[in-house]
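Asks: sequence-free structure coming up:
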């Protein structure tokens, strides 16, 4: 079973992404192993389990969206519309409603 | 356990006259599992919080019978719903009978014409909404503990909802309920005597009195709730800022915009962003100039959410916001309940990872005072951390409470290394909690917008906050609970009795 162990237990070569975190699989982040040497030791995860956890999280988030509303409006669409309107009409930004809302 | 064995036998014999054997639990695991709530506490003192016996009633009549027995035998009673509260309302401080309402989870009536549902208070909002979705309906009480908290606990704590700016909070959503008083009498409480009335001017407004009492005035057993159409669309943009002040200004402007579908805004301060950078996959890779965040949430019909959403995007843009993208915006909002479901860890001062439990202290603060309170609270937690690695500052959120932006549920999240929480560290934490509450009062706020304020530390300031009102609380407690059996030891209500352990001798 050794060849399978290697295959399953060797994640992609870690890449540092910050002072305290590394990344292995795409979208999988881990605490820098140097910070898990005293009180909590880092565990070895089979690749399939890391990916299962990540994918399950996606399922969970999709479930929660559907539970609260039938659809999700994507912000990027609205931002594109706002940017387009602003580009077409600079004064549109400062309509009466939003001007009065500007703080201080 | 606080009852003598022979007294416990008497209690159990009496309970068997109204409950079946399988509804009466005396085993260690049954009792230990109902001794605490998520809020960290000194675990070496776990045994001090044990009930003597747990009961699982299935009806209002059974709850009333149990409470009547407790009142007759002068045995403490502690109501427990989801056990997700953060101020120890469901924690037995004097042993006694713990009434776990989870089996009272039926849906008794769905009134499609008047848009109400009547449920047993042991049902969770998640399960209720799964049922209501088939009818296109929705019960919008949405705490962070949404998947596991129960309707009865929301009544007993007068809960706060993440989308309350759109739909109201628990007090607005619960129309009426059956309530077992400390003497075992059953009362229906609502606006007037209405079961499905949302506004009455008849008599005293008793509904609010029997909400938020943390189980000290009785137990809600069956509730009628207000329903809404299930939203067609959700929008939850997250924006980043390179400084707190701009994020704060943007939050206020969003809340004051008067957009009807606006369900809430959340301000993340610099400490919160720094915390997220350690462990949250969405923020680890963010550029260093992401220092504060704002999230806004909208629910409604697709066309109205889009129209209102554009207005909010324009406001954010004017305040220098940068949109964080669809993936983070949608994913982080959907993950809003996960604090109750994920293991957490913090850091020692030298950066090592340690297992920590999550706690947050909250207060109701006016918008104008949020920055000052934020600074003061971080100072209090920084002082704790200087003295010990048991505590870790996990940053602050400020959530809109209402649709106009007048006040904010302001909370500081603190990681607590519970296994190391000895008596000395616990004493430091209690002092800090008291200081946190002091800051809230000094800024004209209230000690709690959400959790309640009956835990060690902040509870000491409740008489000051309520003034003459606290004496009214004592009068009400003494009148309704003459033998001090209902959740004794909470909210300093023992002061209602000259001899709290034997009030009949007063």
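Replies: Perfect, I can see it now. Every value quoted in this text rests on a predicted model; they were computed, and no experiment measured them. Residues are numbered from 1 along each chain as shown, chains lettered A, B, ... in the order given.

Asks: can you pull out the helices in chain A?
Replies: A:2-9, A:47-68, A:75-88, A:96-101 (DSSP state H).

Asks: quick one: contacts for the residue most central in space within chain A?
Replies: Closest to where the C-alpha atoms of chain A average out (Cα atoms, centre = their mean) is residue A:27, at 7.1 Å. Applying Cβ atoms under 8 Å, 6 or more residues apart in numbering or on different chains, we find residue A:27 in contact with A:54, B:281. Using the backbone N, CA and C atoms, a C-beta is placed for each residue, glycine as well.

Asks: can you pull the pLDDT of it?
Replies: Residue A:27 is assigned 86 on the pLDDT scale.

Asks: and residue B:470, by the same measure?
Replies: Residue B:470 carries a pLDDT value of 98.

Asks: give me the secondary structure label for it.
Replies: helix (DSSP: H, G, I helix; E, B strand; the rest coil).

Asks: run through the residues that contact it.
Replies: B:462-463.

Asks: hmm, back to that, now render the helices of chain A as JSON lines, adding mean neighbour count, distance to residue B:93 and mean pLDDT.
Replies: Below are the helices of chain A laid out as JSON lines (neighbours: other Cβ atoms under 10 Å in any protein chain shown; distance: least, Cβ to Cβ, whole Å; pLDDT from 0 to 100):
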{"stretch": "helix A:2-9", "mean neighbour count": "10", "distance to residue B:93": "49", "mean pLDDT": "65"}
{"stretch": "helix A:47-68", "mean neighbour count": "14", "distance to residue B:93": "35", "mean pLDDT": "93"}
{"stretch": "helix A:75-88", "mean neighbour count": "15", "distance to residue B:93": "47", "mean pLDDT": "95"}
{"stretch": "helix A:96-101", "mean neighbour count": "13", "distance to residue B:93": "48", "mean pLDDT": "41"}
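
Asks: kindly reformat the ones you listed as TSV containing distance to residue B:264.
Replies: Shown next, in TSV, are these (distance: least, Cβ to Cβ, whole Å):
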stretch	distance to residue B:264
helix A:2-9	43
helix A:47-68	13
helix A:75-88	16
helix A:96-101	17
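
Asks: now those as a markdown table including distance to chain B?
Replies: Compiled in a markdown table, the helices of chain A are given as follows (distance: least, Cβ to the nearest Cβ, whole Å):
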| stretch | distance to chain B |
| --- | --- |
| helix A:2-9 | 21 |
| helix A:47-68 | 4 |
| helix A:75-88 | 4 |
| helix A:96-101 | 5 |
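
Asks: looking at the ones you listed, which is closest to residue B:417?
Replies: Closest to residue B:417 of the helices of chain A, according to Cβ to Cβ: helix A:47-68, at 24.7 Å.

Asks: how much space between the nearest residue to residue B:46 once chain neighbours are set aside and chain A?
Replies: Sequence neighbours aside, residue B:35 is the residue nearest to residue B:46 in space, at 6.0 Å (criterion: Cβ to Cβ, 6 or more residues apart in numbering or on different chains). Residue B:35 sits at a distance of 26 Å from chain A (criterion: Cβ to the nearest Cβ, to the nearest Å).

Asks: where are the low-confidence patches of the stretch 401-506 of chain B?
Replies: B:502, B:504-506 (pLDDT under 70).

Asks: by residue count, what's the longest helix in chain B?
Replies: Criterion DSSP H: the longest helix present in chain B is helix B:423-442.

Asks: give me the three-state assignment for the most centrally placed residue in chain B.
Replies: Centroid-nearest residue in chain B: residue B:451, 3.9 Å away (criterion: Cα atoms, centre = their mean). Following three-state DSSP, the label given to residue B:451 is coil.

Asks: please report how far it lies from residue B:285.
Replies: Distance, residue B:451 to residue B:285, using Cβ to Cβ, to the nearest Å: 33 Å.

Asks: please apply the same query to residue B:295.
Replies: Shown here: residue B:295 relative to residue B:285, a distance of 18 Å by Cβ to Cβ.

Asks: wait, a strand at residue B:415?
Replies: Yes: under three-state DSSP, residue B:415 sits within a strand.

Asks: surely residue A:35 and residue A:20 touch.
Replies: Yes: counting by Cβ atoms under 8 Å, residue A:20 is a contact partner of residue A:35 at 6.3 Å.
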